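Enquirer: Here is the input, now give the coordinates:
(2 chains)
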2 protein chains.
Amino acid sequence: MTSDWNDKAKKLTRTLNHTFSDLKLLRAAITHRSTGETNNERLEFLGDSVLNCVIAAALYQRFPKANEGELTRLRAKMVREETVAEVARDLGIGDYLSLGIGEQKSGGYKRGSILSDAMEAIIGAIYLDSSFETCRDRILNWYEKYLAVLVPGASEKDAKTRLQEYCQAKGVALPIYQVSEIIGEAHNPTFKVECQVPLLAEPTLGLANSRRKAEQNAAEAALKCLKEE
Amino acid sequence: MTSDWNDKAKKLTRTLNHTFSDLKLLRAAITHRSTGETNNERLEFLGDSVLNCVIAAALYQRFPKANEGELTRLRAKMVREETVAEVARDLGIGDYLSLGIGEQKSGGYKRGSILSDAMEAIIGAIYLDSSFETCRDRILNWYEKYLAVLVPGASEKDAKTRLQEYCQAKGVALPIYQVSEIIGEAHNPTFKVECQVPLLAEPTLGLANSRRKAEQNAAEAALKCLKEE
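Expert: Numbering: from 1, shown residues only, chains lettered A, B, ... in the order given. Down below sits the predicted model:
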């Protein structure tokens, strides 16, 4: 078991291009909770945040003319489970996973959610073992081929952008968004946002579990009303 | 106007404890889109990610025994609009905002969403102007009093944790979560997650706009079924 792990660790270290000072971090990162051992859930929480930040900064630099909505969309594309699992497959992470018997039998080493969780946990482990900058370099290396094909503006413009452009074209004041209510428990709130547009008598409403999405929904509703007028 | 800005910049620099190499970044960070000038929306996108990452790393280190669900809850508390606006008020950011005439008249400099957006944009500006580490030190300085009063476990345990503990107590296999469907457009998807528990004949379902929340909802549904049995 131990010499098995040593072999695994050596190979994985080469694949990741990172020599760990603390190999226990790497071991935890590839350990699924189904094993019952120290697992990767806390590292996944950390790595998810680091990945988000590194991708956000890379997109900000790469696309100096993209607006906030466009950057948000591109980031969502890069950090969603499907893409992160793809990066994990590129690196062959499935071969290194520690899974419980049940997960082994049901092919857990191929499952997107398990691969993506492990990939995020590995990112968290590298961050803790080195620095933000080192971790960023690794991530950008793995992501280069995914970032290279991104085209800003290729996806449809988001509702807030379209509504703003509509108001500008009509020469009226810009929309105003305001949270009118927060419903539900503090850790899982639903935001109710009002969108005021000079061209509509009544504000439109948007509901979602983040302020930004609620704003987008309210803008979508306003665009719909404007179309109908 | 320019000498006005120079005075503002000097004071704000002292408040933030950061001397900018590129003062244009700071100026953009405090400029609301209602002005029609180069505004803070792109910087806000970046700063939001940096803040998330810094807080995630701080919580990971501070609470070595907190699980992923608990860490996620604590982070949500620290990065929600209400808290970020509070940090902005501590620093008196409202006095420095550049707002359009309409926003000035309606008291925009006091509004939580405008303050929190500007605070995130300032974080983005400091990150670009220096390094992740420098930016982290500033953030943790401002956040110290908010982090100091956090108590992990004070909020209720999340549904996945409770369901896992239930299964462990009953000595059965752990729940399995699987995304069975993704509904809607790519930039605003709804995830449908199935949760399989050995104690229930049928998997329970959860819907939400992130996989994690959908898993929590499916776990909540499973707990409800188990209670009814």
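Enquirer: which stretches of chain A form strands?
Expert: A:176-183, A:190-196, A:204-208 (DSSP state E).
Enquirer: ranking those strands by burial, who's on top?
Expert: strand A:190-196 (a mean of 21; mean count of other CB atoms under 10 Å in any protein chain shown). Where C-beta positions appear, they are placed from N, C-alpha and C, glycine not excepted.
Enquirer: Please work out the average pLDDT along that strand.
Expert: Strand A:190-196 shows an average pLDDT of 92 in the prediction.
Enquirer: That one pairs with which strands, and in what direction?
Expert: Using DSSP bridges, the strands paired with strand A:190-196 in its sheet are strand A:176-183 (antiparallel), strand A:204-208 (antiparallel).
Enquirer: Any chance of TSV for the ones you listed, columns distance to B:G184?
Expert: Output for those, formatted as TSV (distance: least, CB to CB, whole Å):
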stretch	distance to B:G184
strand A:176-183	21
strand A:204-208	12
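Enquirer: would TSV of those with mean pLDDT be doable?
Expert: Output for those, formatted as TSV (pLDDT from 0 to 100):
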stretch	mean pLDDT
strand A:176-183	90
strand A:204-208	92
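Enquirer: Show me where chain A dips below the pLDDT cut-off.
Expert: A:1-3, A:154-156 (pLDDT under 70).
Enquirer: need the longest helix for it.
Expert: Selection of the longest helix in chain A by residue count, based on DSSP state H, yields helix A:41-62.
Enquirer: Put the alpha carbons of it into PDB.
Expert: The C-alpha trace of helix A:41-62 is given here as PDB (Å, rounded to 0.1, in the frame of the first residue of the first chain):
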ATOM      1  CA  GLU A  41     -13.900  17.900   0.400                       C
ATOM      2  CA  ARG A  42     -12.200  20.800   2.300                       C
ATOM      3  CA  LEU A  43      -9.400  21.000  -0.400                       C
ATOM      4  CA  GLU A  44     -12.100  21.100  -3.100                       C
ATOM      5  CA  PHE A  45     -13.800  24.100  -1.400                       C
ATOM      6  CA  LEU A  46     -10.400  25.900  -1.400                       C
ATOM      7  CA  GLY A  47      -9.400  24.900  -4.900                       C
ATOM      8  CA  ASP A  48     -12.700  25.900  -6.400                       C
ATOM      9  CA  SER A  49     -12.100  29.500  -5.100                       C
ATOM     10  CA  VAL A  50      -8.500  29.600  -6.300                       C
ATOM     11  CA  LEU A  51      -9.500  28.300  -9.700                       C
ATOM     12  CA  ASN A  52     -12.300  30.900 -10.000                       C
ATOM     13  CA  CYS A  53     -10.000  33.700  -9.100                       C
ATOM     14  CA  VAL A  54      -7.200  32.600 -11.500                       C
ATOM     15  CA  ILE A  55      -9.600  32.200 -14.400                       C
ATOM     16  CA  ALA A  56     -11.300  35.600 -13.600                       C
ATOM     17  CA  ALA A  57      -7.900  37.400 -13.600                       C
ATOM     18  CA  ALA A  58      -6.800  35.600 -16.800                       C
ATOM     19  CA  LEU A  59     -10.100  36.600 -18.600                       C
ATOM     20  CA  TYR A  60      -9.800  40.200 -17.300                       C
ATOM     21  CA  GLN A  61      -6.300  40.500 -18.900                       C
ATOM     22  CA  ARG A  62      -7.100  38.600 -22.100                       C
END
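Enquirer: Is it in proximity to chain B?
Expert: Yes - in terms of CB under 8 Å from any CB of the partner chain, part of helix A:41-62 sits within range of chain B, namely A:41-42, A:44-46, A:48-50, A:52-53, A:55-57, A:60.
Enquirer: Please point out which parts of that helix sit buried.
Expert: For helix A:41-62, the neighbour count (16 or more other CB atoms under 10 Å in any protein chain shown) marks A:41-60 as buried.
Enquirer: and the gap between the residue nearest the centre of chain A and B:A186?
Expert: Among the residues of chain A, the one closest to the centroid is A:V79, at 3.3 Å (CA atoms, centre = their mean). Computed as CB to CB, to the nearest Å, the A:V79 to B:A186 distance reads 13 Å.
Enquirer: And chain A, what are its domain boundaries?
Expert: A:2-148, A:159-228 (automatic domain parsing).
Enquirer: so which of these is the most packed in?
Expert: domain A:2-148 (a mean of 19).
Enquirer: now it: how far from the chain's centre is it?
Expert: 12 Å (CA atoms, centre = their mean, to the nearest Å).
Enquirer: how close does the residue lying closest to A:Y166 once chain neighbours are set aside sit to B:H187?
Expert: Leaving aside its chain neighbours, A:Y166 sits nearest to A:L226 (6.7 Å; criterion: CB to CB, 6 or more residues apart in numbering or on different chains). Distance of A:L226 to B:H187, computed by CB to CB: 21 Å.
Enquirer: Tell me who's in contact with A:Y60.
Expert: Going by CB atoms under 8 Å, 6 or more residues apart in numbering or on different chains, A:Y60 touches A:71, B:42, B:45-46, B:124, B:128.
Enquirer: Return the member of the residues you listed nearest to A:F191.
Expert: In terms of CB to CB, no member of those lies closer to A:F191 than B:F45, at 18.1 Å.
Enquirer: My read is that A:N217 contacts A:A208, right?
Expert: Yes - look at A:N217 against A:A208 with CB atoms under 8 Å: they come within range, at 5.5 Å.
Enquirer: any common contacting residues for the two?
Expert: A:V193.
Enquirer: Chain neighbours aside, what residue packs nearest to A:L91?
Expert: In space, A:L91 is closest to A:T15, 5.4 Å off (CB to CB, 6+ apart).
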